[in-house]
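K.L.:
no sequence for this one, just the structure:
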């Protein structure tokens, strides 16, 4: 279960992402980060970021019913550092949209390395999972 960070405090104990890890034998008295380390799992925050990037890829390359022009503006400058699929926010004066996927993911998307493989969804998924996204985690 991937949850929004601002909703963590609303989860009941049984629905807590940590509840499952505590049930694994020998991990009841171990902290969250140590449990993740022992189980070889990424944090919820990292999984959410990776899934946001993958969903963004699906929007950009038309693999969903969503229209990319409703969410993003493609960069017209082909002389940029990094990859060729730079995205920009649509102009909006409303502060509410800053938590929307289309706004929160752009910095990460545009920071992907130039050698990121955009040739297929599977290749992009592998690239995202092998890219160090630590600087974007809180």
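P.N.:
That came through fine. These numbers were taken from a predicted model, which means no experiment stands behind them.
K.L.:
can you point out the buried residues in whatever helix or strand residue 37 lives in?
P.N.:
Secondary structure from DSSP states H and E places residue 37 in helix 32-39. Buried residues in helix 32-39, defined by neighbour count with 16 or more other C-beta atoms under 10 Å: 35-36. The C-beta positions use only the backbone N, C-alpha and C, and glycine is treated the same way.
K.L.:
dump the residue contacts of the residue positioned nearest the centre of the chain.
P.N.:
By C-alpha atoms, centre = their mean, the chain has its centre lying nearest to residue 49, at 1.7 Å. Shown in contact with residue 49 (C-beta atoms under 8 Å, 6 or more residues apart in numbering): 108, 133, 136-137.
K.L.:
residue 137 too?
P.N.:
By C-beta under 8 Å, 6+ apart, the contact set of residue 137 is 43, 45-46, 49.
K.L.:
neighbour-wise, which of those residues leads?
P.N.:
Compared across those, residue 49 has the highest neighbour count, 19 neighbours, by other C-beta atoms under 10 Å.
K.L.:
any idea of the mean pLDDT in the helix or strand encompassing that residue?
P.N.:
For residue 49, the element it lies in under DSSP H and E is helix 44-60. If you average the pLDDT over helix 44-60, you get 93.
K.L.:
re earlier: got the angle for the helix holding residue 37 vs helix 44-60?
P.N.:
Counting by axes from the mean of the first three to the mean of the last three C-alpha atoms, to 10 degrees, helix 32-39 lies at 70 degrees to helix 44-60.
K.L.:
from the contact counts, what lies against helix 32-39?
P.N.:
The contact analysis (3 or more C-beta pairs under 8 Å, 6 or more residues apart in numbering; DSSP states H and E) places helix 32-39 against helix 17-23.
K.L.:
where does this structure dip in pLDDT?
P.N.:
1-25, 76-80, 90-99, 102 (pLDDT under 70).
K.L.:
domain-wise, how is it divided?
P.N.:
Split into domains by automatic domain parsing, the chain comes to 5-39, 44-136.
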